[in-house]
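**Q** Take a look and give me a structure for this.
(one chain, ligands or ions: 3)
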Amino acid sequence: MITVHTIRELREQVLAARRQGQRIGFVPTMGNLHDGHISLVDRAHAEDCFVVASIFVNPMQFNDPKDLERYPRTLEQDQQRLAAASCELLFAPDVKEMYPNGQASMSRVTVPGVSEGLCGGARPGHFDGVATVVTKLFNMVQPDQAFFGEKDYQQIAVIRKMVADLDMPIKITAVPTARAADGLALSSRNGYLTAEERAIAPALHQGLQQLGQLLKQGVTVAEAIAEARQAIDNSGFRCDYLEVRCADNLEVVSAPQPGDKLVILGAAFLGNARLIDNIQVALNPHID
Ligand SMILES: Nc1ncnc2c1ncn2[C@@H]1O[C@H](COP(=O)(O)OP(=O)(O)OP(=O)(O)O)[C@@H](O)[C@H]1O
Ligand SMILES: CC(C)(CO)[C@@H](O)C(=O)[O-]
Ligand code: BAL
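**A** Residues are numbered from 1 along each chain as shown. Ligands and ions are numbered 1, 2, ... in the order given. Have a look, this model is predicted:
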């Protein structure tokens, strides 16, 4: 695997791959890689791509400076993991390369609707930062296809709308969430948990599953959310949000109908970590 740190070198390497007739598959990340990230690389290879990964802890998407400062940066270890997964090219720019004139006067990309509420509500400006840096990265890499994890469900909705609205000729592929054996969604931020908190952490996923079961049993959305929220909070988490939305367009669902495809999304604090997770639930259609 080749690692490049500048846009110029990146373009040269991508051009060389294109000249060999390769399809370019892009896996953007913020590093501190785990098996969830590697599943994106594997999927890109499965779709016959020359895989370009990026590692950039994007300051523009962090609304909390402390969160940005302590975000784990583990480039050498990440390079080894990517090389072991046969990733072809890694782009690891620094902040100056990405924002040479600073961020304050930067043009920004805003994706209305799907970026509002949920993580967009809890982290003001977050999705403008994500949409802007992903646009820049897409323009630098010019991939045929880009791969994103379903763990960040709202992020995928934002990217899909952005690509459609702005006519970006890139296929967006969503990859299922990789989980630990006890159900916890893999995340770089799991590294902030103490051993005691790590033992509690699967309670977030369990709470989402409980909410899904209650909806399938016909319990109202408001009651199901209240019960699952209580269970998550009782485990030691502090819920940030817990919501039921339409899986296709993220619209709020207050009275689900048989056959509806829903997504249950949650974010919750545990010790120094704020974890997110989601599950998709299909309500049984009526059988006459
Ligand atoms: N468990 C996972 N399964 C599948 N994809 C994942 C998983 N975790 C992260 N990803 C995906 O990897 C890409 C890069 O994510 P990122 O580098 O922010 O990792 P992360 O572990 O989600 O970190 P964070 O702690 O910031 O949430 C995103 O598309 C994200 O959805
Ligand atoms: C897509 C992304 C790499 C943009 O910084 C980031 O939001 C992430 O890691 O999910
Ligand atoms: N995976 C989402 C990136 C972030 O938390 O900023």
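**Q** Would you mind listing what in the stretch 151-288 of the chain touches ligand 2?
**A** With CB under 6 Å from any ligand atom as the criterion, the stretch 151-288 of the chain meets ligand 2 at residues 152, 155. Placement of C-beta: from N, CA and C, glycine included.
**Q** what ranges do the strands span in the stretch 151-288 of the chain?
**A** Secondary structure of the stretch 151-288 of the chain (DSSP state E, counting those that start in this stretch): strands at 171-175, 238-246, 261-270, 273-282.
**Q** Contacts (any at all) between ligand 1 and the shortest one?
**A** Yes: shown here: strand 171-175 in contact with ligand 1 (CB under 6 Å from any ligand atom) through residue 175.
**Q** Same question for stretch 226-240.
**A** No: on the criterion CB under 6 Å from any ligand atom, stretch 226-240 is out of touch with ligand 1, staying 13.5 Å away.
**Q** Could you give the number of residues near the residue of the stretch 51-200 of the chain found nearest ligand 2?
**A** Going by CB to the nearest ligand atom, ligand 2 is nearest to residue 58 of the stretch 51-200 of the chain, at 4.1 Å. Residue 58 has 22 neighbours, counted by other CB atoms under 10 Å.
**Q** Spit out the contact partners of it.
**A** 30, 98, 129-130, 133 (CB atoms under 8 Å, 6 or more residues apart in numbering).
**Q** Then residue 238?
**A** 268-270.
**Q** chain center to the strand or helix carrying residue 9, what's the gap?
**A** Per DSSP states H and E, residue 9 falls inside helix 7-19. Relative to its chain's centre, helix 7-19 lies at 26 Å (CA atoms, centre = their mean, to the nearest Å).
**Q** tell me which residues of that helix are tucked away?
**A** Within helix 7-19, the residues scored as buried using 16 or more other CB atoms under 10 Å are 7, 10, 13-14, 17.
**Q** cool, stretch 166-185 as well?
**A** Buried residues in stretch 166-185 (16+ other CB under 10 Å): 168, 170, 173-175, 177-179, 183-185.
**Q** Spatially, what comes nearest to the most centrally placed residue in the chain if we skip its sequence neighbours?
**A** The chain has residue 152 as the residue nearest its centroid, 2.9 Å off, counting by CA atoms, centre = their mean. Using CB to CB, 6 or more residues apart in numbering and skipping residues adjacent in sequence, the residue nearest residue 152 is residue 276, 7.3 Å away.
**Q** any idea how far residue 90 is from residue 118?
**A** 30 Å (CB to CB, to the nearest Å).
**Q** What ranges in the chain fall below the confidence cut-off?
**A** The chain contains residues with pLDDT under 70 at 286-288.
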